[in-house]
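J.: model this:
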Amino acid sequence: MQEKVREVSIHFGVSRIGSTLSTFLGCAGFYLEELFVCPDFRGRGYGKTLQRHLAFQ
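T.: Numbers count the residues shown, from 1 in each chain. I've put the predicted structure just below:
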């Protein structure tokens, strides 16, 4: 018997990324300006996971 899988999408937070250009180094960079996790989802590690994900993008 094959079970049906339902995909659920829940938004638990938002982040804002900024960019900069170093004239001294001659290269672009990115930094995390804001990270907001909804109060109902705090304390579960979602913020850390989001930071790790953004760091490797």
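J.: phi, psi for Tyr46 please.
T.: As for Tyr46, its main-chain torsions (degrees, to the nearest 10) stand at phi -70, psi -40.
J.: number of residues surrounding it?
T.: By the measure other CB atoms under 10 Å, the count of residues near Tyr46 is 15. Bear in mind the C-beta positions are built from the backbone N, C-alpha and C, glycine included.
J.: check what pLDDT it gets.
T.: Looking at Tyr46, its pLDDT is 91.
J.: next: Met1.
T.: Reported pLDDT for Met1: 62.
J.: please shift the residue numbers so they start at 54 in all later answers.
T.: With the count now opening at 54, the last piece we talked about shows up as Met54.
J.: ranges for the strands of this structure?
T.: Shown for the chain, the strands assigned by DSSP state E span residues 66-75, 80-90.
J.: redo those strands as a markdown table? Include mean pLDDT, mean neighbour count and distance to Gly96.
T.: Formatted as a markdown table, those follow (pLDDT from 0 to 100; neighbours: other CB atoms under 10 Å; distance: least, CB to CB, whole Å):
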| stretch | mean pLDDT | mean neighbour count | distance to Gly96 |
| --- | --- | --- | --- |
| strand 66-75 | 90 | 11 | 13 |
| strand 80-90 | 90 | 12 | 9 |
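J.: next, format these as JSON lines and append distance to Gln104.
T.: Shown next, in JSON lines, are the strands of the chain (distance: least, CB to CB, whole Å):
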{"stretch": "strand 66-75", "distance to Gln104": "8"}
{"stretch": "strand 80-90", "distance to Gln104": "7"}
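J.: who wins for proximity to Lys101 among those?
T.: strand 80-90 (9.8 Å; CB to CB).
J.: for the closest one, packing partners?
T.: With contacts defined as 3 or more CB pairs under 8 Å, 6 or more residues apart in numbering; DSSP states H and E, the packing partners of strand 80-90 are strand 66-75, helix 99-108.
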